[in-house]
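Trainee: Pasting a predicted model and its sequence here:
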Amino acid sequence: MRESKTEVERRNESLRREIDILNQDKAFLSRENTNLEERAKRLEDKVDRTELSLLEAKKQAEKYMDRVLSANDDVKSKFDQQYSREMQELKDRQTKELGEAKQNLVDLYERKVEYLTERKDEQERRITKLESDLREKSKVYEDVVFEFRQFQKNADLELGS
């Protein structure tokens, strides 16, 4: 009986340690999630700065264009074409870079969410199994205690007779 009780206590202590480990895992994953959110915010800030830089570049290009256009209509036509092409290339490149950055963030976040979900599911299954094991062991322990009391009662009755 003492051995069973000791086994149950050891098992209970083991479960407590596993719960502590799970809580530590949860805290770590929460920190990781926070770090990823901060990283995403920094990347969004970088995108905003890039857009501001693009706007500044557009302003500079417009100033330059005004000076050139006043000098010659022929040059103006060529410049307009080149300016439009370069601006479209800048827009296309920025759109591509923003799309890639966004996709990278989405992929990273999805992988982290998938990992955290899998980890959570795994831990929930483990907790469920451990709880089931504890219930089974508690039932067996109660049965053993009941049988011991019955034997003790029978022994007392036999000794008393």
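Mentor: Nice, thanks for sending it over. Quick caveat: nothing in here was measured; it's all calculated off a predicted structure. Residues are numbered from 1 along each chain as shown.

Trainee: Would you mind finding the longest helix in the chain?
Mentor: Looking only at the chain and at elements set by DSSP state H, the helix with the highest residue count is helix 73-160.

Trainee: For that one, the averaged confidence score.
Mentor: In this model, helix 73-160 has an average pLDDT of 92.

Trainee: got it, and stretch 30-37?
Mentor: If you average the per-residue pLDDT over stretch 30-37, you get 94.

Trainee: Alpha carbons of that stretch, as PDB, please.
Mentor: Listed in PDB are the C-alpha atoms of stretch 30-37, where the atom choice follows Å, rounded to 0.1, in the frame of the first residue of the first chain:
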ATOM      1  CA  SER A  30       4.200  33.400 -26.100                       C
ATOM      2  CA  ARG A  31       7.500  35.300 -26.100                       C
ATOM      3  CA  GLU A  32       8.300  34.000 -29.500                       C
ATOM      4  CA  ASN A  33       4.900  35.100 -30.800                       C
ATOM      5  CA  THR A  34       5.500  38.600 -29.300                       C
ATOM      6  CA  ASN A  35       8.900  38.700 -30.900                       C
ATOM      7  CA  LEU A  36       7.400  37.800 -34.300                       C
ATOM      8  CA  GLU A  37       4.700  40.400 -33.900                       C
END
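
Trainee: Show me how far it is from its chain's centre.
Mentor: Relative to the chain's own centre, stretch 30-37 is displaced by 7 Å; criterion: CA atoms, centre = their mean, to the nearest Å.

Trainee: buried residues in that stretch?
Mentor: Of the residues in stretch 30-37, those buried under the neighbour-count criterion (16 or more other CB atoms under 10 Å) are L36. Bear in mind the C-beta positions are built from the backbone N, C-alpha and C, glycine included.

Trainee: ok, back up a step: which strands or helices does the longest helix of the chain pack on?
Mentor: helix 2-71 (3 or more CB pairs under 8 Å, 6 or more residues apart in numbering; DSSP states H and E).

Trainee: could you give the angle of the helix it packs on to helix 73-160?
Mentor: 170 degrees (axes from the mean of the first three to the mean of the last three CA atoms, to 10 degrees).

Trainee: Centre of the chain to helix 2-71, how far?
Mentor: Using CA atoms, centre = their mean, the mean C-alpha position of helix 2-71 is found 9 Å from that of the whole chain.

Trainee: Next: stretch 142-151.
Mentor: For stretch 142-151, the distance between its averaged C-alpha position and the chain's averaged C-alpha position is 49 Å (CA atoms, centre = their mean).
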